[in-house]
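In: next one to model:
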Amino acid sequence: MKRILFLVMFGLLLTPVFATAQSAFNGTWKVDMNKVDFPKKPTEYSLQNGMFECKTCVPPVEVKADGTDQKVSGHPYYNSVAIKVISNNEVEETDKKDGKVVATSKMMVSPDEKTLTIDFTDSSNSNAAPVTGKGEAMRVGAKPPAGANLITGAWRTTKMENISDNGITWSYKVNGDELTMTTPTGQSYTAKMDGTEAPMKGDPGVTSVSVKKLGNNTIEETDMRNGKVIGVMKATANGNTLTVTYDDKLQGSSMKYTATKQ
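Out: All right, here's what the predicted structure looks like:
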């Protein structure tokens, strides 16, 4: 489940521009979940013969689906996954990092096998209260083969709702040629708006960022993990609205959303 959520959450790491105290980017912003164009690229799961796979995870995840913690590597937010099969259309996932639970999700396929709903709690990228909410995805492509759990297949996110405010809210402050970003979940950075790389604090998946001013009301933020570019965001301010696009370089997908000043 977290793979779906992360596509939304990574897109929130944007950054403002103007080098004056009256910057249009200053203030607290919140994503309008009714104005999100989710990635068209689906998430692919397989659950059959006692094994669970997330084929589109980076790197891919393949573990036993026996309800016990299974070690995984290469993921900054978790290092073990437990998959518990409740029924042929319901599965629970528990992710841990160093033995501590950082995310739980319940995935259920509708009777017509066309819709996947996901209820989640995620503290893998939070230094405070967890982010909670509910997601919905539609099946694309073929139905699962005989004998496979119904979550098997490709799912494209169509809706995220009841997301806790701490997961979709952040603040910006411009001071001279520097921009400071903070979130309720504990992430922050202060970066010069000339493309100079600056450290990201409180996020194990994004270690540094760089911010460039592209025009009077548009900026570009590049997110990096240990020197490797993992995402590029562009944001355009128009009064109390931000229009944002985010290119996820790890997943090879993109999304667009709108945020409003609070």
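
In: C-alpha from now on. contacts and neighbour counts both.
Out: Will do.

In: if I've got this straight, Ala128 is in a strand?
Out: No - applying DSSP: H, G, I helix; E, B strand; the rest coil, one finds Ala128 to be coil, outside a strand.

In: okay but it is in contact with Pro184, surely?
Out: Yes - under the criterion of Cα atoms under 8 Å, Ala128 makes contact with Pro184 at 7.4 Å.

In: looking at the two, which one has more neighbours?
Out: Each of Ala128 and Pro184 has its neighbours counted (other Cα atoms under 10 Å); Pro184 has more, 17 against 11.

In: pLDDT score for the more buried one?
Out: Pro184 carries a pLDDT score of 95 in this model.

In: which residues does it contact?
Out: If you count contacts by Cα atoms under 8 Å, 6 or more residues apart in numbering, Pro184 has them with 128, 166-167, 169-170.

In: just those residues: which are in strands?
Out: Of the contacts of Pro184, the ones assigned to strands by DSSP state E are 169-170.

In: can I get the contacts of Pro184 in a markdown table including distance to Lys261?
Out: Formatted as a markdown table, the contacts of Pro184 follow (distance: Cα to Cα, whole Å):
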| residue | distance to Lys261 |
| --- | --- |
| Ala128 | 23 |
| Asn166 | 15 |
| Gly167 | 15 |
| Thr169 | 10 |
| Trp170 | 10 |
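
In: separate out the buried members of the contacts of Pro184.
Out: 166-167, 169-170 (16 or more other Cα atoms under 10 Å).

In: break this structure down into its structural domains.
Out: Using automatic domain parsing, the domain ranges for the chain come out as 14-35+166-261, 43-164.

In: and those domains, which one's lowest on average pLDDT?
Out: When I compare these, domain 14-35+166-261 is least confident, with a mean of 89.
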